[in-house]
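S.K.: What shape does this take:
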Amino acid sequence: MEQRLVVVIANVMARVAVFVGVLVLIAACSNPADTAGEEPAIDGGAAAEVGPAGAPVPDQRLTLFAPLPILMESKDNPITLAKVNLGRKLFYDARLSRNHDVSCNTCHPLTKYGVDGLATAVGHLKQVGGRNAPTVYNAAGHIAQFWDGRSPDIEDQAKGPPLNPIEMAMPDEAAVVAVLNSIPGYVSLFAAAFPDDEEAISYDNMAKAIGAFERGLITPNRFDDYLAGDNEALNKLELAGLNAFLDADCGTCHSGPYMGGAMFQKLGLEKPWDDDEDQGRFDITGKEADRQVFKVPSLRNVAETGPYFHNGSVKTLNEAVRLMADHQLGISVTDEQVISIVSFLNSLTGDIDRAYIKKSELPESSESTPPPLATPTLTPRPDTTPEPVATAT
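M.R.: Here you go, the predicted model:
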């Protein structure tokens, strides 16, 4: 408990320091002559001139949202510094995969907002998965994990990829545990992270350590500052976009501290979503009401996490906004409305804690560490590397 308290206090102090730094920066740069400039061009058009922050949005309209929590805690997996340090190493360690060439960070690169930029992820022997790899940032606070919500939390989710034949392709849990037991450094790290367990190294504890690390992957942004009372945190164009976002009822699904991730919704609620064989939660529950139902994604960092939707079929944020208005809300939006809403969505890009995600030296293998397992040659699906994604539009 004492160690956990140290972690919580450290995180609180770090977030306070960041917040104070933001306030100091705002104060230093608050001269309209210096700050009234250009927003990045959207859809390749001319840059939009913006002025200083406009009138704040009425408080009652903001009750749909909440700032990010300091920690995304779990009563079933209390966060400790030892668990976090172990989980960080495991997140980067490709030895948890059959050929020692795929890690969690392969599909969820932390320096790139936790996404690989591909329509669907590429794993073992360059096989291509059927769904887009969602970001791991802020995901621990979601109602469930995976697009179909088949895992209740990130600890359970972490058990899936190592054994998935397309992703990391380990034959079974015992093979993963054997690798971990063969690495002396991990024997010590697991003992420190799980001192009360008779067998510290286990598949469950591997997942708990990764989960503890991922529970610290939070990205506070300027919208959090705005919700906390800083009326200068958003510029006039972004405030207009927030109003347009609310006027279009986007907040019906994209609300709460994560601006999504809190519910499941049918894709094509108002207008059928055509040409898609993925049936979403229906394949998990077998319930007709769950056909083409998916977890509502978070909009945090959405400008950096394309391509979009469960199959990565949409490359630009502008097009994603248009499609959601049409298929989910049953409304048409003008180019001006789209640009306005996207301007607000760009403000949701948060700050990555570079020190927290920094890859540390991994413990060395021993002579008994199993080598990469021999596997048959598979023919990868074509077009595994799509065109670069313009995620800011």
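
S.K.: I'd assumed V177 was in contact with S202.
M.R.: Yes - counting by CB atoms under 8 Å, S202 touches V177, with 6.5 Å between them. For the C-beta atoms, the positions are set from N, CA and C on the backbone; glycine is no exception.

S.K.: Where does W273 sit: helix, strand or coil?
M.R.: Classification of W273 using DSSP: H, G, I helix; E, B strand; the rest coil returns coil.

S.K.: For it, give its distance to V342.
M.R.: Distance, W273 to V342, by CB to CB, to the nearest Å: 21 Å.

S.K.: so which strand or helix has the nearest residue to N221 once chain neighbours are set aside?
M.R.: Nearest non-adjacent residue to N221, counting by CB to CB, 6 or more residues apart in numbering: G350, 3.8 Å away. For G350, there is no enclosing helix or strand under DSSP states H and E.

S.K.: Identify the residues contacting the closest residue to A228 other than its chain neighbours.
M.R.: Spatially, and ignoring its direct neighbours in sequence, A228 is nearest to P67 (5.9 Å; CB to CB, 6+ apart). By CB atoms under 8 Å, 6 or more residues apart in numbering, the contact set of P67 is P220, D224, L227, A228, P257.

S.K.: 7 Å instead, please
M.R.: P67 makes contact with D224, L227, A228, P257, according to CB atoms under 7 Å, 6 or more residues apart in numbering.

S.K.: From the contact counts, what lies against the strand or helix carrying L180?
M.R.: For L180, the element it lies in under DSSP H and E is helix 173-181. Packing contacts for helix 173-181, counted by 3 or more CB pairs under 7 Å, 6 or more residues apart in numbering; DSSP states H and E, involve helix 203-214.

S.K.: Specify the next element, helix or strand, located C-terminal of the helix it packs on.
M.R.: Counting by DSSP H and E, the element after helix 203-214 in chain order, helix or strand, is helix 222-227.

S.K.: could you show me where the helices are in the stretch 201-350 of the chain, in order?
M.R.: With DSSP state H, counting those that start in this stretch as the criterion, the stretch 201-350 of the chain has helices at 203-214, 222-227, 236-247, 282-285, 317-324, 335-346.

S.K.: Out of those helices, which is the most enclosed?
M.R.: With neighbours defined as mean count of other CB atoms under 10 Å, the helices of the stretch 201-350 of the chain peak in mean count at helix 203-214, which reaches a mean of 24.

S.K.: so where's the protein shaky on pLDDT?
M.R.: Residue ranges of the chain with pLDDT under 70: 1-55, 374-393.

S.K.: per-domain residue ranges of it.
M.R.: The chain breaks down by automatic domain parsing into domains covering 32-70+221-346, 81-218.

S.K.: who's in contact with the helix holding L180?
M.R.: Helix 173-181 is contacted by residues R95, L96, P162, M170, Y186, V187, I201, S202, Y203, M206, T369, P370 when judged by CB under 7 Å, 6+ apart.

S.K.: Can you tell me which of those is closest to E277?
M.R.: Set against E277, the nearest of the contacts of helix 173-181 by CB to CB is P162 (26.8 Å).

S.K.: For the closest one, give me its contacts.
M.R.: Residues in contact with P162 (CB under 7 Å, 6+ apart) are L96, S97, M168, M170, V176.

S.K.: separation between the closest residue to Y113 other than its chain neighbours and I166?
M.R.: Spatial nearest neighbour of Y113, chain neighbours left out: E304 (4.1 Å); criterion: CB to CB, 6+ apart. The spacing between E304 and I166, counted by CB to CB, is 25 Å.

S.K.: what's the answer for A191, then?
M.R.: For A191, the distance to I166 (CB to CB) stands at 33 Å.

S.K.: The chain: strands as residue ranges?
M.R.: 264-266, 293-295 (DSSP state E).

S.K.: deepest of these, which one?
M.R.: The highest average neighbour count among these, using mean count of other CB under 10 Å, belongs to strand 293-295 at a mean of 23.

S.K.: just how off-centre is that strand within its chain?
M.R.: Offset of strand 293-295 from its chain centre (CA atoms, centre = their mean, to the nearest Å): 16 Å.

S.K.: which strands and helices sit next to that strand?
M.R.: Looks like strand 293-295 contacts strand 264-266 (3+ CB pairs under 7 Å, 6+ apart).

S.K.: Grab the nearest non-local neighbour of Y226.
M.R.: Nearest one to Y226, counting by CB to CB, 6+ apart, is A233 at 4.1 Å.

S.K.: Can you tell me which of the contacts of P162 is closest to A212?
M.R.: Among those, L96 lies closest to A212 (CB to CB), at 16.2 Å.

S.K.: Setting the sequence-adjacent residues aside, check what's closest to the closest one.
M.R.: Leaving out its chain neighbours, the residue that sits closest to L96 by CB to CB, 6+ apart is P162, at 5.2 Å.

S.K.: any idea how far L189 is from that neighbour?
M.R.: From P162 across to L189, the span is 18 Å (CB to CB).

S.K.: Repeat that for A121.
M.R.: As judged by CB to CB, A121 and L189 stand 27 Å apart.

S.K.: A158 touches K208, doesn't it?
M.R.: No - at 8.2 Å, A158 and K208 do not qualify as touching, with contact defined as CB atoms under 7 Å.

S.K.: shared neighbours of these two, which are they?
M.R.: With contacts taken as CB under 7 Å, 6+ apart, not a single residue reaches both A158 and K208.

S.K.: Tell me which residue is most central in this protein.
M.R.: The centre of the chain sits closest to T135, judged by CA atoms, centre = their mean, with a distance of 2.6 Å.

S.K.: Against E336, how distant is the residue nearest to that one when sequence neighbours are not counted?
M.R.: What sits nearest to T135 in space, not counting adjacent residues and going by CB to CB, 6+ apart, is G114, at 3.6 Å. To E336, G114 is 31 Å away according to CB to CB.

S.K.: these two touch, right, the residue nearest to N221 and A303?
M.R.: No - G350 is not in contact with A303 according to CB under 7 Å; the separation is 10.4 Å.

S.K.: And stretch 162-182, what's buried?
M.R.: Neighbour counts over stretch 162-182 (16 or more other CB atoms under 10 Å) mark 162-163, 166-170, 175-177, 179-182 as buried.
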